[in-house]
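Visitor: Below: sequence and its predicted model.
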Number of protein chains: 2
Amino acid sequence: MRLAILLSGRGSNFQAIHEAIAARRLPAEIAVVIANRPEAPGLGLARNAGYETHAIDHRLYKTRAEHEDAVIALIDHAEVDFICLAGYMRLLSPPFVRRFQHRIVNIHPSLLPSFPGVDAQAQAVEHGVRISGCTVHLVDQNLDAGPILVQRAVEVRDDDDAESLSARILVEEHIAYVDALIKLGRGAPIVEGRRVIFATRDS
Amino acid sequence: MRLAILLSGRGSNFQAIHEAIAARRLPAEIAVVIANRPEAPGLGLARNAGYETHAIDHRLYKTRAEHEDAVIALIDHAEVDFICLAGYMRLLSPPFVRRFQHRIVNIHPSLLPSFPGVDAQAQAVEHGVRISGCTVHLVDQNLDAGPILVQRAVEVRDDDDAESLSARILVEEHIAYVDALIKLGRGAPIVEGRRVIFATRDS
């Protein structure tokens, strides 16, 4: 299974994937790492780890479509099975999503469908939930709404604020993202309505 | 802590509360059990267990308000601290809810705010979530939306349907409802916005 990673910042989920591959827990290969910001710390980490890396600075392109075309060209060239968003802070256009249908993976720091959008952890704290978590999902045209691959629950404590809750959710994100990729690595999943049925283990 | 129980059917959460009190896990007393259907199996169970029971058949009252007045009279007479809804299939009017503000407890078979309303377990299965659960909450004017007391997570399995998921959630409901009442028994909670802060243990 070949992966493209798209990131904008530190890319801690990229690092979790990298470590799982290095430890042979995840049978996959990171074919290319692409950032939309040359200064993204995750890009430097990827370069140091020996991956093919590209900074495709969205500020240097006149339109969203032109920037996406440059990203798509790199992804096509890398011949990947899945595109993993790891803190990629650009909305993907509907044509981009359609082109890679059921092949773009993202993670969100809540138990979707609760708390989509920005500041999910703060939303959870303000709503007073006792359990939040994270969701790894396939990307579709709607924000934080695609078919769900893996979720992990995290207890919200009485003294939590958005920051402390985020830190505990992040630990589970790394586990969940790797878990989802291990399951996807067994073969293309079947998506029935909103339900995802993973291929059974082939070995 | 004195409790009123309102139910319409088998009242399995009532039975869980009854058993927790009998086992001295929950320091509370069920002062009255009220059903809006004389044929509710939970009412017979309550009678056999020696509780004061009342069937207040809503079909015998001309208006919702008159039916509620009869229920309120019984609750007032019983001098309870909390009203526990245990499968009570009547919407409570805003005056009823205001009269007992932060003193009415209900349970819902999902991790709210996901999947409010009817058939929460079927909604969860259709949405393809990997984790659902149950929520014990205080009742406010909006459906399934009051401040949250306790939540418990339940894994949704690949082969789950609404029925199999409901059965596993129900087990957790019984634990969650008793847990919420134990916490409420320590003293009136503080409700800040949507967050509930339980009184600290007083012993």
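Guide: Happy to help now that I have it.
Visitor: residues from chain A in reach of chain B?
Guide: Applying Cβ under 8 Å from any Cβ of the partner chain, one finds that chain A approaches chain B through A:111-115, A:125-131, A:133, A:147-153, A:158, A:193-198. Every C-beta, even on glycine, is put in place using the N, C-alpha and C of the backbone.
Visitor: Please repeat the previous calculation with a cut-off of 6 Å.
Guide: Selection of chain A residues close to chain B by Cβ under 6 Å from any Cβ of the partner chain yields A:111, A:113-114, A:127-131, A:147-148, A:150-151, A:153, A:194-195.
Visitor: Show me which pair in those residues is furthest apart.
Guide: The two members of the residues of chain A next to chain B with the most space between them (Cβ to Cβ) are A:128 and A:195, at 29.4 Å.
Visitor: Identify the residues contacting residue A:118.
Guide: Under the criterion of Cβ atoms under 6 Å, 6 or more residues apart in numbering or on different chains, residue A:118 has no neighbours.
Visitor: On the three-state scheme, it is what?
Guide: With DSSP: H, G, I helix; E, B strand; the rest coil as the basis, residue A:118 sits in coil.
Visitor: same question, residue A:71
Guide: Per three-state DSSP, residue A:71 ends up helix.
Visitor: Can you get me a residue count around it?
Guide: Counted with other Cβ atoms under 10 Å in any protein chain shown, residues neighbouring residue A:71 total 23.
Visitor: Let's see the pLDDT reported for it.
Guide: Among the per-residue scores, residue A:71 holds a pLDDT of 97.
Visitor: cool, and the one 3 residues further on?
Guide: Among the per-residue scores, residue A:74 shows a pLDDT of 97.
Visitor: So which of the residues of chain A next to chain B is the closest to residue A:162?
Guide: Of the residues of chain A next to chain B, the one sitting nearest to residue A:162 (Cβ to Cβ) turns out to be residue A:127, at 11.7 Å.
Visitor: ok, now which ones touch the closest residue to the closest one other than its chain neighbours?
Guide: Spatial nearest neighbour of residue A:127, chain neighbours left out: residue B:194 (5.5 Å); criterion: Cβ to Cβ, 6 or more residues apart in numbering or on different chains. With contact set as Cβ under 6 Å, 6+ apart, residue B:194 has these partners: A:127, A:128, B:147.
Visitor: okay, now the residue nearest to residue A:54 when sequence neighbours are not counted: neighbour count?
Guide: Leaving aside its sequence neighbours, residue A:54 sits nearest to residue A:34 (Cβ to Cβ, 6+ apart; 4.9 Å). For residue A:34, the neighbour count with other Cβ under 10 Å is 23.
Visitor: cool, and residue A:29?
Guide: 13.
Visitor: before we move on, the earlier item: and the residue nearest to residue A:54, how far is that from chain B?
Guide: 28 Å (Cβ to the nearest Cβ, to the nearest Å).
Visitor: would you say that residue is within a strand?
Guide: Yes: counting by three-state DSSP, residue A:34 is part of a strand.
Visitor: if I pick it, what's in contact with it?
Guide: Contacts for residue A:34 (Cβ under 6 Å, 6+ apart) come out as A:6, A:54, A:56, A:71, A:74.
Visitor: Show me what it is bridged to.
Guide: Beta-bridge pairing for residue A:34 (DSSP bridges): residue A:6, residue A:54.
Visitor: do you know how far it is from residue A:11?
Guide: 11 Å (Cβ to Cβ, to the nearest Å).
Visitor: picking that back up, tell me which of the residues of chain A next to chain B fall in helices.
Guide: If you go by DSSP state H, those have residue A:127 in helices.
Visitor: Tell me the buried residues in stretch A:95-102?
Guide: Residues of stretch A:95-102 classed as buried by neighbour count (16 or more other Cβ atoms under 10 Å in any protein chain shown): A:96, A:97, A:100, A:102.
Visitor: So for that stretch, mean pLDDT?
Guide: For stretch A:95-102, mean pLDDT rounds to 95.
Visitor: Alpha carbons of that stretch, as CSV, please.
Guide: The C-alpha trace of stretch A:95-102 is given here as CSV (Å, rounded to 0.1, in the frame of the first residue of the first chain):
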residue,chain,number,x,y,z
PRO,A,95,-13.2,17.7,-8.4
PHE,A,96,-10.2,16.7,-6.2
VAL,A,97,-12.4,14.6,-3.9
ARG,A,98,-14.2,13.0,-6.8
ARG,A,99,-11.0,12.1,-8.6
PHE,A,100,-9.8,10.2,-5.5
GLN,A,101,-13.2,8.9,-4.3
HIS,A,102,-12.9,6.7,-1.2
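Visitor: Can you tell me what sits against it?
Guide: With Cβ under 6 Å, 6+ apart, stretch A:95-102 has contacts from A:68, A:83, A:138, A:139, A:141, A:191.
Visitor: Look through chain A and tell me its longest helix.
Guide: Longest helix in chain A, counting by DSSP H: helix A:162-184.
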